[in-house]
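Student: Output the structure for:
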Amino acid sequence: MAKKLVAVKEKCVGCRICELACSLYLEDVFNPRRARIKVESGYNALDLPHICFQCDDAPCASSCPENAIVREDETGIWKVSKEKCIGCGDCLDVCPYDAIFISPSDNIAIKCELCEGLPCKEYCPNEALLLEG
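Tutor: Presented below is the predicted three-dimensional model:
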């Protein structure tokens, strides 16, 4: 079973530190637009982090015309191939969790690939992110 990052929406206060930590860790900039996790403010009066749920039968992968989203055999984590992705956005349209995005820096799909829950989980002040599996 693949690990996955899970959000406890009742604990999320919308501080968006997870977005900043993610973008700094993966992109070397403090820029929420370049993070692989997004926090939606005011979702049913709560703040809701959107994170890749690592679906067993990932619709994003099956919708990709270039087969750019593949599951690692070793970890079970779905990853986007930067070499294959053409930035068409088909994967965005089918993700049931709104957890895949187009990178503003290189126009390809990006999504949470866990990083073992670091740094977003570690920097969350309310422990709203959990690494399961």
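
Student: Which secondary structure elements does the longest helix along the chain sit against?
Tutor: Within the chain, and with DSSP state H defining each element, the longest helix by residue count is helix 17-27. Judged by 3 or more CB pairs under 8 Å, 6 or more residues apart in numbering; DSSP states H and E, helix 17-27 is in contact with strand 38-43, helix 120-123. Yep, even glycine has a C-beta here, placed from its N, CA and C like the rest.

Student: Just want the angle from it to strand 38-43.
Tutor: For helix 17-27 against strand 38-43, the angle by axes from the mean of the first three to the mean of the last three CA atoms, to 10 degrees is 160 degrees.

Student: Contacts for helix 17-27 next, please.
Tutor: Defining contact as CB atoms under 8 Å, 6 or more residues apart in numbering, one finds that helix 17-27 is touched by 29-39, 49, 105, 112, 115, 118-125, 129.

Student: Regarding the closest residue to Asp106 other than its chain neighbours, what is its secondary structure?
Tutor: Leaving aside its sequence neighbours, Asp106 sits nearest to Lys82 (CB to CB, 6 or more residues apart in numbering; 7.6 Å). Put simply, Lys82 is coil when judged by DSSP: H, G, I helix; E, B strand; the rest coil.
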